[in-house]
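Novice: give me coordinates for this.
(one chain, ligands or ions: 1)
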Amino acid sequence: MKETVKIAIDGPAGAGKSTVAKIIAQRLGYIYIDTGAMYRALTYKIIQLNLDLKDTSLLINCANNTSITLDNSLGIANQLVYCDGKDVTELIRTPAVNKLVSHVAQISEIRTIMVKIQQKLGLTNNIIMDGRDIGSVVLPEAKYKFFLTAALEERVKRRQKELLEKGYNVEYKTVMNDLLNRDLLDTTRETAPLKIAEDAIIIDTSSLTLAEVVEKILAIVMEGEKDAL
Ligand code: CDP
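Specialist: Below is the predicted model:
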């Protein structure tokens with residue numbers, strides 16, 4: 001089998017991972033895989049079913065009986081997320097899902113289910129995948145690993161703007177608490193916590209424009225792939 005190129009992008013909430021990853025995927029013609037969307041889709045279903053978040057085995061059972069797919073047929077910029085055949089693309093970005101997703105994502109058995117799906121997607125395609133454990137757990141062999149970060153204030157501002165664009169007028173302080181809570185849960189959980197992979201390149205995006213971050217990453221990948229591109 002031909003070796004595929006894998007780009008891993010990790011980092012905390014609001015660091016700009018998915019926006020950057022989408023543009024790079026488009027530029028290189030790679031498949032983009034938003035692993036956060038997968039945890040979000042499952043969380044959405046758990047909320048819809050009103051499952052008790054403390055009942056871990058119930059949540060694992062739910063994950064085992066859920067089909068989550070990413071559909072790029074409308075282009076990467078318009079990637080659609082399906083949960084059990086239902087389009088949940090918009091429904092997974094609500095404050096309610098933001099609040100609970102890291103609780104669901106800390107369950108080790110649920111992570112095993114998701115990681116298996118994610119690794120399979122990487123087998124046959126050139127991919128760029130973003131999340132929290134991509135460089136460390138999902139694609140430890142990835143040739144390119146980046147860790148995007150930004151000052152808390154900047155990440156809060158970006159997320160608040162994003163929410164506003166979706167019609168949710170959320171107070172700065174509330175957005176900040178959501179990010180801080182998720183960062184705390186994501187970095188301290190037992191299984192696959194958010195951490196900087198040893199061989200990852202760290203990019204602080206606080207004072208960089210989107211285009212600057214994209215160009216930084218592209219320059220590195222294009223140099224490495226100059227014979228293949
Ligand atoms: O877009 P944002 O940075 O807010 O988050 P996301 O990438 O959509 O991920 C939402 C949540 O899913 C994270 O806060 C993590 O709790 C979880 N997640 C994870 O545990 N592992 C991943 N590979 C991706 C997301």
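
Novice: C-alpha from now on. contacts and neighbour counts both.
Specialist: Noted.

Novice: now for the helix or strand where residue 184 lies, which elements pack on it?
Specialist: Remark: residue 184 resides in helix 172-188, with elements defined by DSSP states H and E. Under the contact definition 3 or more CA pairs under 8 Å, 6 or more residues apart in numbering; DSSP states H and E, helix 172-188 sits against helix 95-105, helix 152-165.

Novice: at the contact with the ligand, which residues of the protein appear?
Specialist: Proximity of the chain to the ligand, by CA under 6 Å from any ligand atom, involves residues 12-14, 35-37, 39, 101-102, 105, 131-134, 182, 186.

Novice: quick one: buried ones out of these?
Specialist: Buried by 16 or more other CA atoms under 10 Å: 12-14, 35-37, 39, 101-102, 105, 131-134, 182, 186, out of the residues of the chain next to the ligand.

Novice: surely residue 34 touches residue 18?
Specialist: Yes - with contact defined as CA atoms under 8 Å, residue 34 counts as touching residue 18 (7.0 Å).

Novice: hmm, back to that, nearest to residue 49, of the residues of the chain next to the ligand?
Specialist: The nearest member of the residues of the chain next to the ligand to residue 49, counting by CA to CA, is residue 101 at 14.7 Å.

Novice: could you measure the closest one against residue 151, distance?
Specialist: Distance of residue 101 to residue 151, computed by CA to CA, to the nearest Å: 22 Å.

Novice: let me know how buried the nearest residue to residue 79 once chain neighbours are set aside is, in neighbour terms.
Specialist: Among residues not flanking residue 79 along the chain, residue 72 sits closest, at 4.9 Å (CA to CA, 6 or more residues apart in numbering). Neighbour count of residue 72, defined by other CA atoms under 10 Å: 15.

Novice: same check, this time on residue 168
Specialist: Neighbour tally, residue 168, other CA under 10 Å: 13.

Novice: about what we covered before: okay, and the common contacts of residue 34 and residue 18?
Specialist: Common neighbours of residue 34 and residue 18 are listed as residue 130 (criterion: CA atoms under 8 Å, 6 or more residues apart in numbering).

Novice: which of those two has more residues huddled nearby?
Specialist: Remark: of residue 34 and residue 18, residue 18 carries more neighbours, 23 against 20, as counted by other CA under 10 Å.

Novice: quick one: contacts for the more buried one?
Specialist: 34, 130.

Novice: same list (the helices and strands packed on helix 172-188) but as CSV, adding mean pLDDT and distance to residue 88.
Specialist: Converted to CSV, those look like this (pLDDT from 0 to 100; distance: least, CA to CA, whole Å):
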stretch, mean pLDDT, distance to residue 88
helix 95-105, 95, 12
helix 152-165, 94, 16
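
Novice: taking those together, which one is wrapped up most tightly?
Specialist: The highest mean neighbour count among the helices and strands packed on helix 172-188, using mean count of other CA atoms under 10 Å, belongs to helix 95-105: a mean of 19.

Novice: pLDDT (mean, whole number) over the helix or strand just after that helix?
Specialist: Toward the C-terminus, helix 95-105 is succeeded by helix 108-123 as the next helix or strand (DSSP H and E). The predicted model gives helix 108-123 an average pLDDT of 94.

Novice: report the buried residues of the helix or strand hosting residue 18.
Specialist: According to DSSP H and E, residue 18 maps onto helix 17-28. For helix 17-28, a neighbour-count test (16+ other CA under 10 Å) marks 17, 18, 20, 21, 22, 23, 24, 25 as buried.

Novice: closest one to residue 123 out of those residues, please.
Specialist: residue 25 (16.3 Å).

Novice: quick one: contacts for that closest one?
Specialist: 31, 32, 76, 127, 128.
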